[in-house]
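Visitor: I need the structure of the sequence given here:
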Amino acid sequence: LLYIAVSLVLTGIVPYDQLGVKNPVAFALSYIHQDWVAGFISLGAITGITTVLLVMMYGQTRLFYAISRDGLLPKVFSRVSKEKQVPFVNTWLTGLLVAFFAGVIPLNKLAELTNIGTLFAFITVSIGVLILRKTQPNLKRAFKVPMVPLIPLLAVAFCGYLVLQLPATTWLSFAAWLLIGLVIYFLYGRKNSTLNNMKDVEEKVS
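Guide: Numbering: from 1, shown residues only. From the prediction side, this is the model:
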């Protein structure tokens, strides 16, 4: 709703066909000669993007940690520093990977890869909500999605539409990353998965 409201204001200030720029809010304010406000908003945008990137990088280190703890990645990724109490291997690895890709891949390509990965994750989670609501209705939940199946279906539809707008090169890159992930899963993760091993034990006991 906030994005829609901002879009309505912007298209009321500037003809919509001129808003295909990287900084539409600042551009619209410059268009009506409010340069100092545009500069202030640009500074806020840079600060906001920096903090979001840092949080995402920290989140990625914890994601590696959680996946490793579940047995889907080698145990080195769940090793925690005794002094700092953080997964230091993941922190270094994530920092080096981000620095490398930021240095060799154009920003717009990185943005498209990030977009397709995030949208695909949203689609997967939405489908997961539908499946779990049907197969495990009594599962204890910290948060329960309202208006199921409408909201998950809308999420799949809208995210799917946005994914289809991305260029073919982004799809090929995403397919390559997905293939690498599947290879790691089937060669290592599947047989070392804590969940799978628990199921095997339960089946043997029963």
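Visitor: quick check, pLDDT for Ser206.
Guide: At Ser206, the model reports a pLDDT of 65.
Visitor: quick check: which element contains the residue nearest in space to the middle of the chain?
Guide: By CA atoms, centre = their mean, the chain has its centre lying nearest to Thr118, at 3.6 Å. If you go by DSSP states H and E, Thr118 is part of helix 107-135.
Visitor: can you point out the buried residues in that helix?
Guide: Of the residues in helix 107-135, 112-113, 115-116, 119, 122-123, 126, 129-130, 133 count as buried by neighbour count, 16 or more other CB atoms under 10 Å. All C-beta atoms are positioned from the backbone trio N, CA, C, and that covers glycine.
Visitor: next, format those as JSON lines and append distance to Leu166 and pLDDT.
Guide: Shown next, in JSON lines, are the buried residues of helix 107-135 (distance: CB to CB, whole Å; pLDDT from 0 to 100):
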{"residue": "Glu112", "distance to Leu166": "6", "pLDDT": "90"}
{"residue": "Leu113", "distance to Leu166": "9", "pLDDT": "89"}
{"residue": "Asn115", "distance to Leu166": "7", "pLDDT": "90"}
{"residue": "Ile116", "distance to Leu166": "5", "pLDDT": "93"}
{"residue": "Leu119", "distance to Leu166": "8", "pLDDT": "94"}
{"residue": "Phe122", "distance to Leu166": "14", "pLDDT": "94"}
{"residue": "Ile123", "distance to Leu166": "13", "pLDDT": "96"}
{"residue": "Ser126", "distance to Leu166": "18", "pLDDT": "96"}
{"residue": "Val129", "distance to Leu166": "24", "pLDDT": "93"}
{"residue": "Leu130", "distance to Leu166": "24", "pLDDT": "94"}
{"residue": "Arg133", "distance to Leu166": "29", "pLDDT": "91"}
